[in-house]
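Chemist: My questions are about this predicted structure, shown below with the sequence.
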Amino acid sequence: MFDLASEIMATLRNNKLRTALTGFAVSWGIFLLIVLLSVSRGLVNGMESMFGQRDTETVSIRGGYAQKAYKGLKENRRVQLRDGDIAVLESQNANVLSEVIAQISNDTAKVTSSKDYLTDGYRGVYPSEVRNSGLDMTKGRFINQNDINQRRRVVVVNEESAKTLFGDKDPVGQLVKISDLSFTVVGTYKQEWRRDVYIPYSTARAMSGGSDKVNNITVKLSGVKTLEESENAEKGFRSTLGRQHTFAEDDNGSLWIWNRFSDYLTTSTAMGAIGMAVWIIGLLTMLSGIVGVSNIMFVSVRERTHEIGVRRAIGAKPRSILRQIILESVAITTLFGYVGIVLGMLVSEGIGMLVAAGGERSPLKDPTVDIAIAIQVTVVLIIAGAFAGLFPAMKSLKIKPVEALRDE
Amino acid sequence: MIISLKDINKSYPGAVPLHVLKDVNLSIDKGELVSIMGASGSGKSTLLNILGILDNYDSGEYYLDGVLIKDLSENKAADLRNYMIGFVFQSFNLINYKNALENVALPLFYRGVSRRQRNKLAMEQLERMGMADRATHLPSELSGGQKQRVAIARALITKPSIILADEPTGALDSKTSKEVMQVFRDLNADGMTIVIVTHDPGVGEQTNRIIRIVDGRIV
Ligand SMILES: Nc1ncnc2c1ncn2[C@@H]1O[C@H](COP(=O)(O)OP(=O)(O)OP(=O)(O)O)[C@@H](O)[C@H]1O
Ligand SMILES: [Mg+2]
């Protein structure tokens, strides 16, 4: 075996230009495949992390303006969601949902500390809001069920807002005033584009002076799997609320609906398609590399017809000639494929570092290729190399030794 | 009798098939030094290629050391060439990227002999040919006579029953030709059977028997 290897190394070394050209084709193909795969992996990772923090199986609903005249009512009416809608939605769509929660918002209230104040208003929320909005808790905790049950006066603020209010002091346990009531800060979160101040839903309800208006309702879907089911569930919510607030169920302006589940499915499908496309492009690139190897092996075998004739005259069996040519091309593809894999991995590491430096908004995340894929690619490569060698080798054996010897 | 040909015929196919060997009968005994002489195109190389199992024949019977050489599989033919025949060619047919030692050792590679053993035996043959000091030289760094000595060493390393040489001196000047012929005579003196194709009468004279071939017939 070692003997055969050194025999092969000798022929490869003797044909440096040919070896280098073939090798380049293979390295390039593999390099592209690895880089493309890692970028598509990065896209998928990016998508998963974007949706990962959030609850993807939720639908948020806000009131809008009914555009169509309906049952004697004029067009362009404000639709205002109310407390009563929660129970109605829950009972009429029980088969597609597991929970309905709501949010009350006050956009004018001041939040004041001894040092400074915020003018962001406040939101009365349920515990699951932390996932719906994809909040990243940095200190303390979010609103919990006990806060709701006991109407506690607790508040969660953005960590930047906490700095405004308390400077460098630990915000957790500090007191703030909202609408002249005293609240205890129980946690802070990190979110680049959100400065909302959260208090328990029940507390906010009590502060709303008898109003039953809610800002938005969030439905947690359950048992919904496909895009079609998700769209149907959404239609169901629209018609329930249409009966409740008297607007046509096909009046799209009446409610503002954010169906996160449909978004998620659509994005996943798109990601899947990108992933497929990347594999196809990569495999085609690799295929062209292999066709290159095969071509060059053909040329090389023709160039070496005479040498093969000499080897056969001194007793080389067809199978040893066959084995040598096949192993030669396997050696080229494996060696240079390995170079391509290593370079490809280095470049995708590099992209990964750039992406990491680019921060959270980059569409890519961890664009790396795992070892399993690298191994699969290597195996494909070795098999392809064997095939690339097989055909020229068989062709070389069709030539009789006497003819091969004559050819000079 | 190491070689026995009975009514061998060989044609090359073509628009007009060319009948090259016509009812050739020939026997060569162990230990003979024979030359085959004839005009260019008379069929000498064709005959030698059949003897060397590099080519097949159309009709007749060829026995090599008692084995009927007919319709052999490529593997069997390769084995017989490796174990029984040593070739020497006019154009040497050394592999240009292998040094003298590696060229001489190559037939044993196809026999599965270990590298160390191969190189040892190859060195012995090179010594026998007076080429030990050129063992690491590439063919391009050797003179014609030296190349032919390396080629003869390669033919000898398998301890063949017979050496077949097609115009072994064809590419050499007369002085070197004489030296190479001396090598063949010495090998023959040690008992080796040798068949040399030539059209040089000087070479023919130095063999023990001359077989003349005219237009595909032995005369
Ligand atoms: N593969 C082939 N196909 C067709 N014709 C061939 C082939 N090989 C040889 N011939 C023809 O057969 C005849 C005999 O050829 P061969 O090579 O045996 O001659 P030779 O006696 O060795 O000649 P030389 O002294 O020139 O080497 C020639 O006419 C040659 O043209
Ligand atoms: Mg000839």
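Modeler: Okay, I see it. Ligands and ions are numbered 1, 2, ... in the order given.
Chemist: tell me the phi and psi of residue A:175?
Modeler: phi -110, psi 140 (degrees, to the nearest 10).
Chemist: Could you tell me how many residues sit around the spatially closest residue to it that is not a sequence neighbour?
Modeler: Take residue A:175 and drop its neighbours on the chain: the residue closest to it by CB to CB, 6 or more residues apart in numbering or on different chains is residue A:182, 5.6 Å away. From N, CA and C alone the C-beta is placed, and that goes for glycine too. For residue A:182, the neighbour count with other CB atoms under 10 Å in any protein chain shown is 9.
Chemist: quick one, what contacts residue A:182?
Modeler: A:153, A:175, A:176 (CB atoms under 8 Å, 6 or more residues apart in numbering or on different chains).
Chemist: Quick check: bridge partners of it?
Modeler: Taking DSSP bridges as the rule, residue A:182 bridges to residue A:177.
Chemist: Tell me who's in contact with whatever residue of chain A ends up closest to chain B.
Modeler: Across chain A, the shortest distance to chain B (CB to the nearest CB) belongs to residue A:315, at 2.5 Å. For residue A:315, the contact set (CB under 8 Å, 6+ apart) comprises B:78, B:79, B:81, B:82, B:83, B:107, B:110, B:111, B:158.
Chemist: Just give me the neighbour total for residue A:404.
Modeler: For residue A:404, the count of nearby residues is 22 (other CB under 10 Å).
Chemist: OK, contacts around residue B:111?
Modeler: Contacts for residue B:111 (CB under 8 Å, 6+ apart) come out as A:315, B:82, B:158.
Chemist: so the second one makes contact with residue B:112?
Modeler: Read it as residue B:82. No. Taking contacts as CB atoms under 8 Å, residue B:82 lies outside contact range of residue B:112: 10.6 Å.
Chemist: So for those two, which residue has more residues nearby?
Modeler: Taking other CB under 10 Å, residue B:82 and residue B:112 do not tie; residue B:82 has more neighbours (21 against 9).
Chemist: neighbouring contacts of the helix or strand harbouring the more buried one?
Modeler: Using DSSP states H and E, residue B:82 maps to helix B:74-84. Residues outside helix B:74-84 that contact it (CB under 8 Å, 6+ apart): A:312-319, A:397, B:52-54, B:64-65, B:67, B:69, B:72, B:87, B:107, B:110-111, B:158, B:160-162.
Chemist: could you redo the last one with a cut-off of 6 Å?
Modeler: Here helix B:74-84 makes contact (CB atoms under 6 Å, 6 or more residues apart in numbering or on different chains) with A:315, A:317, A:318, B:53, B:110, B:160, B:161.
Chemist: ok, so of the contacts of residue A:182, who is nearest residue A:16?
Modeler: Among the contacts of residue A:182, residue A:176 lies closest to residue A:16 (CB to CB), at 76.2 Å.
Chemist: Spatially nearest residue to residue 30 (excluding sequence neighbours)?
Modeler: With no chain named, the answer covers chain A. Spatial nearest neighbour of residue A:30, chain neighbours left out: residue A:340 (3.1 Å); criterion: CB to CB, 6+ apart.
Chemist: meant chain B, my bad for not saying
Modeler: Once flanking residues are discounted, residue B:30 sits nearest to residue B:2: 5.0 Å by CB to CB, 6+ apart.
Chemist: Please report phi then psi for that neighbour.
Modeler: According to degrees, to the nearest 10, residue B:2 has phi -90, psi -30.
Chemist: Return the distance of it relative to ligand 1.
Modeler: According to CB to the nearest ligand atom, to the nearest Å, residue B:2 and ligand 1 sit 22 Å apart.
Chemist: Quickly note the distance from residue A:60 to residue A:203.
Modeler: 21 Å (CB to CB, to the nearest Å).
Chemist: How about residue B:131?
Modeler: Residue B:131 is 104 Å from residue A:203, by CB to CB.
Chemist: before we move on, what about residue B:143?
Modeler: Residue B:143 is 106 Å from residue A:203, by CB to CB.
Chemist: Residue A:306 now?
Modeler: Using CB to CB, one gets 94 Å for the distance from residue A:306 to residue A:203.
Chemist: who's more crowded, the two?
Modeler: More crowded of residue A:306 and residue A:203, by other CB under 10 Å: residue A:203, with 24 against 18.
Chemist: Name the nearest residue to the more buried one, sequence neighbours excluded.
Modeler: residue A:151 (4.9 Å).
Chemist: How far away from the center of its chain is the helix or strand that comes right after the helix holding residue B:82?
Modeler: Going down the chain from helix B:74-84, the next helix or strand is strand B:85-89, by DSSP H and E. How far strand B:85-89 lies from its chain's middle: 3 Å, per CA atoms, centre = their mean, to the nearest Å.
Chemist: Adjacent strands (with direction) for strand B:85-89?
Modeler: strand B:162-166 (parallel).
Chemist: check whether the strand it pairs with contacts ligand 1.
Modeler: No. Applying CB under 6 Å from any ligand atom, one finds strand B:162-166 separated from ligand 1 by no less than 7.4 Å.
Chemist: Mind naming the longest helix for chain A?
Modeler: Scanning chain A for the longest helix, with DSSP state H as the assignment, gives helix A:260-303.
Chemist: Whichever helix or strand comes after that one vs strand B:162-166, what angle?
Modeler: Following helix A:260-303 in sequence order, the next helix or strand is helix A:305-313 (DSSP H and E). Inter-element angle recorded for helix A:305-313 and strand B:162-166: 160 degrees (by axes from the mean of the first three to the mean of the last three CA atoms, to 10 degrees).
Chemist: which intervals of the stretch 51-200 of chain A have sub-threshold pLDDT?
Modeler: For the stretch 51-200 of chain A, residues meeting the criterion pLDDT under 70 lie at A:51-54.
Chemist: so what's the residue most central in space within chain B up against?
Modeler: By CA atoms, centre = their mean, chain B has its centre lying nearest to residue B:164, at 2.2 Å. By CB under 6 Å, 6+ apart, the contact set of residue B:164 is B:48, B:51, B:52, B:87, B:195.
Chemist: any chance of these in JSON lines, plus secondary structure?
Modeler: Below are these laid out as JSON lines (DSSP: H, G, I helix; E, B strand; the rest coil):
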{"residue": "B:48", "secondary structure": "helix"}
{"residue": "B:51", "secondary structure": "helix"}
{"residue": "B:52", "secondary structure": "coil"}
{"residue": "B:87", "secondary structure": "strand"}
{"residue": "B:195", "secondary structure": "strand"}
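Chemist: Among the residues you listed, which one lies nearest to ligand 1?
Modeler: Nearest to ligand 1 out of the contacts of residue B:164 is residue B:48 (CB to the nearest ligand atom; 7.7 Å).
Chemist: For residue A:392, what are phi and psi?
Modeler: Residue torsions, per degrees, to the nearest 10, at residue A:392 are phi -60, psi -30.
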